[in-house]
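Peer 1: Next come a sequence and a model predicted from it.
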Amino acid sequence: MWFLLIPLLAFSGNGQAQNVITISVDTADSRQTLDGFGASGAWWAQAVGRWSDDNRQRVVDLLFNPTTGIGLTIFRYNIGGGEQNLVDPWRMTETFETGPRQYDWSRDANAMWVLRAARDAGATDVVVFANSPPGRLTISGRAAGNPGGSSNLTPENFDDFAQYLVDITRHLIEDEHIPVRWISPINEPQWDWQPSKGQEGAHYTTDEIKGVLLALQSAIDESDLDVRISTIEAGEWSSASMYARVLFEEPQLAQALDHFAVHSYWSSAAEKQTFVRFMERHYPDVPLWMSEWTEMREGRDYGMDSALVMANVIHDDLTIGEVTSWQYWIAVSKYNFRDGLIYTREYGERIEPTKRLWVMGNYSRFVRPGAVRLAAASDHDAVRATAFQIPGTEAITLVVINNSRDPQTIALDGITAAGQMTSMYSTSEANDLAQVYSGAVRQTYTLEASSVTTIVFESESGA
Amino acid sequence: MRLRMLALLTISLLLLSISMVAAQEPVTLRLSVWGSLSDQEAYQARIDLAEQQFPNITVELLYTPDDYDQRIQTMMAGGDAPDIVQLAEAIHGYSSRGQLLALDEMIASAGLDMAARFGTNHLQYQYEGSQYALPDRGGAMIVYYNTDMFDAAGLEYPNASWTWENFLAAAQALTVREGDAVTQYGFAAGGWWPWWMSFIYQNSGAVLDESGAPAFNSAEAAEALQFYNDLVYTYEVAPSPEDYANLGTNSPDPLFAQGKVAMIMTGFWNIASLRDVPDLNWDIAPVWGNTARGTVAFGSGLAITSSSAHPEEAFQIISFLTDEAAQTVIVERGQDAPANVAVLNSNLFLSGETFANRDIYMEAFGESADAIIALPLIPQWNEMQSVMSATLDEYFLNAIDTQTAVEQLQADLEDLLQ
C-alpha cells in the first residue's frame, strides 16, 4: 500500500513542488508526564447503555478499545444527583441514594453497564464526578441548582455529601471492581446554576468549596480507599487563577489535591498562557488537567472543520497549558451542536462517528499514560506538532496537525532514527485514523490536506 | 473603410458584452466576525443589504465566537484566509506581517473621503502610512449608573467634570453592607484592559511613552493601579475576582442588571442588554477623569486579506457596509455605535429611539470624544496584552504589591519590545 504514497511525498496535489517544513524535536527537553486522554459518560451513558448489546458495545469499543477504537484510558462517570424534572430526558439522572447512607445499587443500570464495558475495553482510570449533591442534601431540594443561582449546599451537609461520594466510590471499587482513581465533587462552581439551565449543577462560594473539599479529604482519609480529589473543574482559564490561589493557599488542600482541573470553554491561547505564568510563579509543582471541553457552537459537524478546531485546542492545552490529561465532554451526542465524538439520535440506535473521534484517537491511541511530552517546534504556522516518548524506550510519537488546505511535506530534525521503523496514521476527509504508511524511516513525510497525522517511530523489536 | 468601422464596432460591442458578463460573474466572499449571536444577526442583515446591491456577490459570514485571532491566524497560515476580516486593536499584528491589503489605491479610485465618512476614527487602522481597514463600529466606553441608587443616596449623577474624588465619594456612599457582607457595590470592574488602562491615562500615565517605550515605572501609572486596586481591597466598594465567582458571574454587567452595582463602565452595546430589564432605572454618562481625562474607544474595522482572490469585490462590500444604509442597520438593531459619522450624527442615533426604550443621555458619547486615549496599537498588541495580564492577574488577586507589579510589568514589556 505504501508505494502508492510515494508520488505524494514530494509534490502537492496540483503537482507543484512543496517547501519542506521542518519539525524539530528536542529529546533532551522533557515536559509533562501524561495521565491519559478521556471523555465523559454524562448525558449519554444512561441512554446508550440500554441499547442492544451489539450497538452499545460498538459505541464503547469506538471510544475505549485501543485496537478497534481510539483507546481512551480515562472514563468520567457521572454520579447523578437524581434530578428528574428536566425538559431533556438525557440530562436526567438516577441517584443511588435512597436515604442517608442507604443506597439502591441496582439504579443507574444503563450507565453502569457502560462503565463496566469501558473498563473492560480499556479504560484503566476512572474519575467519578458530581455536578450536584443529591436533592436530599441541597437547599432547593433539587440537583439542578438553586432558583436564584446561588449556593445550594449548606455547611451542615458538607460531611454528608462527602460521605455519600466516598460510599459510592467504595461500592464502585470494591463491588464493581471499577478502577476509580479520582473523585471530583464540584463542577464549574463560579456559574449561577439554576433549574432554568436544564441540567444538574451547583454554585459554590470559595468558602464552601474549601469546606466541601476538606470534608471530602477527611472522609477519604477515614476510608482505606486509594483515591485522590480532582478539582476544581473551573469553567474557563481566565478566572482560574483566583481558584488556584484559594485552594493552594490552604495548606491541607495544597497537600491533598492531585492536580488543578480546568475547562477550556471560551478560553484563548493567551488566557491559557496567562494562567500558566501565574501557576509557574506561585504553584509551580501543581499539575494541570483539562477535564472538559467541546466546541460551543450550534449545528452538527461530522468533518475535519470541527476536528481541526479540537486538535488545535488539544495542541494548545498540551503545549501552552502543559496539561497532564485532556478529557472531552459528552462522548456521544444527540444534539444539533458541535459536541460529541459520536453522533446519535434521540430515538433508535444510530452510531455516527465524527472526525473528532478519530482526531482524538490520533492522540489517545498512541500517547498512552506515562508518556512524556518532548519539546517540539515547526517552522510553518499551519503545521503544529507535539512529540512524546515512553520513558525507558526509544519509541517517539509525533502528532502533527496540518491546518493547511494543501498537503504538506515535513522533515524531522532531532529524532535519531537509525534502525527504526515508522508508522503513520492519518485522519483527514479521506481517512479515519488509517495507517497510511509503515516501513523504514524516511527523509520526508507528506501530511494530507486538513489532517491530523500520528507518526510513530520505534525499533524493529517494537521498543 | 465602413466595413472596417463596422468590424471595429462589432469587436468593441463583443468586448463590452464580454466585460459585462465578466462583471456579473458570481463571486463568493467570506467575511469573518466575532461577537454574540445578536452581533451575528446584525452582520447578516447588513450582508443581505449588500447582496441586494451587488447581486453577483455572495458573502458567507464566518462566525468565530472565541479565540478569534488565533483561529484567523491559523486559517491564514493554512491558506484558508477569509476575504474580509473584522479586526480591532490587534490589527497591526496582521498589517505588519503583510497579511492585509493596503486599501489606499482602492480608496482613491472609489473617491472615498475617509475624513468625511469616519472623522479621525480611521487613523488607528493606519500602519506605516497605509490604510488597512475601514472603520465599522465605534463608540467610547461610558459609565452606566443606576439612577434609583443615586437618588436614594441623594447624590448628583456622574458627569464629565467628575474626578476620582467625586467618583470615590459616590462609590463609597453607594456601597451598602450588611455586617461584613456587601449587598450593593458602588462600582464594579476587573481585569479587562479598557478598565484599568483608562485609569492610568486618567492619571496622566501611559502604557507606552511617546517613544514607544514601556512606561509602567512612572509614579502616575503606579498611583493609578494602586487606586484601582484600593477600590476593591482598601475602600471595598468594588468586587474582587473571588467576589465575582461567589456571586455566580465573571463580569460586572450581569451584576448591574441584577441591581447589585451602582456604576459600571462599558460600551454602547450594554444599552440593548439593559433596555428590557424590568424595574431597573439607569442612565449613561461620560467616564470621570483625574489629572486628565481618559476613556477607550471601542470599535472594529473591516479589512481585506492580502490573499483574497477578489479584492475589488471585497472592497465594494466593505465600502458598502460602512456607508450610510448598512451602518443604519447597526443603529436600528441597537448593536453598537456606528463608525460612519453621518449615521453617528443622525437623529435616529441621537434620539436613541431604536435601541433605548427610555430617554438616556446620548450626548455622553459626544462628550467622550476628547477623552479618548490614543491606544498603543503596536503589532505586538496581543503579546503585550498577554504579558500584562500575567502580572495584573496576580495584582488584582492582591497576590503581589503595586511596586512588584509595576516592576514586573516594566521588565516584561521591555523584554517583549526590545
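Peer 2: In hand now; what should we look at?
Peer 1: buried ones in whichever strand or helix holds B:Arg117?
Peer 2: Assessed by DSSP states H and E, B:Arg117 sits inside helix B:114-118. Residues of helix B:114-118 classed as buried under the neighbour-count rule (16 or more other CB atoms under 10 Å in any protein chain shown) are B:114, B:117-118. All C-beta spots, glycine's among them, are computed from the backbone N, C-alpha and C.
Peer 1: So which elements touch it?
Peer 2: Judged by 3 or more CB pairs under 8 Å, 6 or more residues apart in numbering or on different chains; DSSP states H and E, the packing partners of helix B:114-118 are helix B:341-344.
Peer 1: helices and strands around the helix it packs on, which ones?
Peer 2: helix B:114-118, helix B:324-332.
Peer 1: again, 10 Å this time
Peer 2: Applying 3 or more CB pairs under 10 Å, 6 or more residues apart in numbering or on different chains; DSSP states H and E, one finds that helix B:341-344 contacts helix B:114-118, strand B:134-138, helix B:324-332, strand B:337-338, helix B:347-351.
Peer 1: Would you map the helices across chain A?
Peer 2: A:6-10, A:45-48, A:53-64, A:109-121, A:158-170, A:206-222, A:240-248, A:251-256, A:269-282, A:304-319, A:355-364 (DSSP state H).
Peer 1: swap in the stretch 301-418 of chain B?
Peer 2: B:311-321, B:324-332, B:341-344, B:347-351, B:363-367, B:381-396, B:402-417 (DSSP state H, counting those that start in this stretch).
Peer 1: Including mean pLDDT, could those helices go into a markdown table?
Peer 2: Shown next, in a markdown table, are these (pLDDT from 0 to 100):
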| stretch | mean pLDDT |
| --- | --- |
| helix B:311-321 | 98 |
| helix B:324-332 | 95 |
| helix B:341-344 | 90 |
| helix B:347-351 | 89 |
| helix B:363-367 | 86 |
| helix B:381-396 | 93 |
| helix B:402-417 | 96 |
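Peer 1: Format those as TSV; extra columns: mean neighbour count.
Peer 2: Below are the helices of the stretch 301-418 of chain B laid out as TSV (neighbours: other CB atoms under 10 Å in any protein chain shown):
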stretch	mean neighbour count
helix B:311-321	21
helix B:324-332	21
helix B:341-344	19
helix B:347-351	15
helix B:363-367	17
helix B:381-396	22
helix B:402-417	17
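Peer 1: and residue 214, how many neighbours?
Peer 2: I'll assume chain A. Using other CB atoms under 10 Å in any protein chain shown, A:Leu214 is surrounded by 17 other residues.
Peer 1: You answered for a different chain; I wanted chain B.
Peer 2: When neighbours are counted by other CB under 10 Å, B:Pro214 comes out with 26.
Peer 1: and A:Ala256, how many neighbours?
Peer 2: 19.
Peer 1: related to what we said a few turns ago, need the helices and strands packed on helix B:341-344 in TSV with distance to A:Ala395, can you?
Peer 2: Output for the helices and strands packed on helix B:341-344, formatted as TSV (distance: least, CB to CB, whole Å):
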stretch	distance to A:Ala395
helix B:114-118	59
strand B:134-138	52
helix B:324-332	57
strand B:337-338	58
helix B:347-351	65
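Peer 1: The residue lying closest to A:Thr206 once chain neighbours are set aside and B:Ala399, how far apart?
Peer 2: Excluding its sequence neighbours, the residue lying closest to A:Thr206 (CB to CB, 6 or more residues apart in numbering or on different chains) is A:Val246, at 4.6 Å. Distance of A:Val246 to B:Ala399, given as CB to CB, to the nearest Å: 11 Å.
Peer 1: same check, this time on A:Tyr77
Peer 2: 36 Å.
Peer 1: So for these two, which sits in the more crowded spot?
Peer 2: Higher neighbour count among A:Tyr77 and B:Ala399: A:Tyr77, with 26 against 17, using other CB under 10 Å.
Peer 1: The more buried one: what's it in contact with?
Peer 2: A:Tyr77 makes contact with A:40-42, A:45, A:108, A:111-112, A:114-115, A:118-119, A:123, A:126-129, A:168-169, A:172, A:178, A:180 under the criterion CB atoms under 10 Å, 6 or more residues apart in numbering or on different chains.
Peer 1: what's the answer for A:Glu188, then?
Peer 2: A:Glu188 neighbours (CB under 10 Å, 6+ apart): A:131, A:201-204, A:232-236, A:263, A:265, A:292.
Peer 1: and A:Gln435, how many neighbours does it have?
Peer 2: For A:Gln435, using other CB under 10 Å, the count is 14.
Peer 1: which residues does B:Val329 contact?
Peer 2: B:42-49, B:321, B:335, B:338, B:343.
Peer 1: do the same with B:Gln172
Peer 2: Contacts of B:Gln172 (CB under 10 Å, 6+ apart): B:153, B:186-187, B:231, B:235-237.
Peer 1: Okay, now the sheet partners of the helix or strand hosting B:Val85, with direction.
Peer 2: Using DSSP H and E, B:Val85 falls within strand B:84-87. Note on strand B:84-87: by DSSP bridges, its sheet partners are strand B:27-33 (parallel), strand B:300-304 (antiparallel).
Peer 1: Now do the longest one and helix B:311-321, the angle between them.
Peer 2: Strand B:27-33 and helix B:311-321 are oriented at 50 degrees to each other (axes from the mean of the first three to the mean of the last three CA atoms, to 10 degrees).
Peer 1: Nearest to chain A: which residue in the stretch 51-200 of chain B?
Peer 2: B:Ala77 (3.4 Å; CB to the nearest CB).
Peer 1: B:Trp248 and A:Ser150, how far apart?
Peer 2: You called it Trp, but residue B:248 is Gly. 7 Å.
Peer 1: So for those two, which residues contact both of them?
Peer 2: Common neighbours of B:Gly248 and A:Ser150 (CB under 10 Å, 6+ apart) are A:192-194, A:203-205.
Peer 1: A:Thr95 - nearest residue in space that isn't next to it in sequence?
Peer 2: That would be A:Gly82: by CB to CB, 6+ apart, it lies 3.1 Å from A:Thr95.
Peer 1: B:Asp180 - how many residues pack around it?
Peer 2: Neighbours around B:Asp180, by other CB under 10 Å: 6.
Peer 1: which residues sit in contact with it?
Peer 2: B:Glu236.
Peer 1: about what we covered before: of all the shared contacts of B:Gly248 and A:Ser150, which comes closest to B:Trp192?
Peer 2: Set against B:Trp192, the nearest of these by CB to CB is A:Asp192 (20.0 Å).
Peer 1: My guess is that closest one contacts A:His203. True?
Peer 2: Yes - contact between A:Asp192 and A:His203 holds when scored by CB atoms under 10 Å: they sit 5.7 Å apart.
Peer 1: Show me the one of the helices and strands packed on helix B:341-344 that comes nearest A:Leu253.
Peer 2: strand B:134-138 (45.1 Å).
Peer 1: so what does the next helix or strand after that closest one touch, helix or strand wise?
Peer 2: With elements assigned by DSSP H and E, the helix or strand that comes after strand B:134-138 is strand B:142-146. Packing partners of strand B:142-146 (3+ CB pairs under 10 Å, 6+ apart): helix B:164-174, strand B:181-188, helix B:252-257, strand B:261-266, helix B:270-274, strand B:282-285, helix B:363-367.
Peer 1: okay, the angle between the first one and strand B:142-146?
Peer 2: Between the axes of helix B:164-174 and strand B:142-146, defined by the same axes, to 10 degrees, the angle is 30 degrees.
Peer 1: which element follows helix B:164-174 toward the C-terminus?
Peer 2: strand B:176-178.
Peer 1: May I have the phi/psi pair for the closest residue to A:Thr154 other than its chain neighbours?
Peer 2: Spatial nearest neighbour of A:Thr154, excluding adjacent residues (CB to CB, 6+ apart): A:Ile139 at 6.3 Å. Here is the backbone geometry of A:Ile139 (degrees, to the nearest 10): phi -70, psi -40.
Peer 1: looking at it, A:Ile139 is touching A:Leu153, isn't it?
Peer 2: Yes - using CB under 10 Å, A:Ile139 makes contact with A:Leu153 at a distance of 7.0 Å.
Peer 1: Now list whatever residues contact both of the two.
Peer 2: Common neighbours of A:Ile139 and A:Leu153 (criterion: CB under 10 Å, 6+ apart): A:133, A:146, A:202.
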